[in-house]
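Enquirer: Here's my sequence, what's the structure:
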Amino acid sequence: TFNMKETAIDQPARKISQFCVRLEAKQRLRFNYGLTERQLLNYIRIARRAKGSTGQVLLQLLEMRLDNIVFQLGMAPTIPAARQLVNHRHILVNNCIVNIPSYRCKPKDFITLKNHDSFRKTIPNHLI
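Expert: Predicted coordinates for the structure are as follows:
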């Protein structure tokens, strides 16, 4: 039950180090949520200070980011596109313009699109 990594055909598989496993997990988090190294470290510090499981709290913090919510709602095809929508002031949170992709949303926040006809053409038809 060792973690073995596939190598060239002639070479035997070798055990993956714990460092490699953790690095890949960290890189997956950074890529999936579009974070910089510094942002991820800050979220980890906050999660460690909070009560409860650090991993669970970290995922909650990342899932509550405005850019992630815009992406999850299907308003943007990718996280970078969601960040751009937020940066360009196309997203309203509780009827107030928010242009910070890392804005931490709360469970009952009301997230809508700005009402511009020219902008609405770029959003998929199923959202209009």
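Enquirer: Please name the nearest non-neighbouring residue to the residue positioned nearest the centre of the chain.
Expert: The residue lying closest to the centre of the chain (Cα atoms, centre = their mean) is Tyr33, at 2.4 Å. Excluding its sequence neighbours, the residue lying closest to Tyr33 (Cβ to Cβ, 6 or more residues apart in numbering) is Leu62, at 5.0 Å. Glycine gets a C-beta too; all of them are placed from N, C-alpha and C.
Enquirer: Near that neighbour, how many residues? Count them for me, please.
Expert: Residues lying near Leu62 (other Cβ atoms under 10 Å) number 19.
Enquirer: So it sits against Gly34, correct?
Expert: No. Taking contacts as Cβ atoms under 8 Å, Leu62 lies outside contact range of Gly34: 10.0 Å.
Enquirer: quick one: the helices in the chain?
Expert: 18-33, 37-49, 54-63, 66-72, 79-87, 117-120 (DSSP state H).
Enquirer: Ile111 is nearest to which of those helices?
Expert: The closest of the helices of the chain to Ile111 is helix 66-72. By Cβ to Cβ, the value is 6.2 Å.
Enquirer: model confidence over that closest one, on average?
Expert: Per-residue pLDDT over helix 66-72 has a mean of 95.
Enquirer: do stretch 15-31 as well
Expert: 93.
Enquirer: How is the protein partitioned into domains?
Expert: 1-62, 64-128 (automatic domain parsing).
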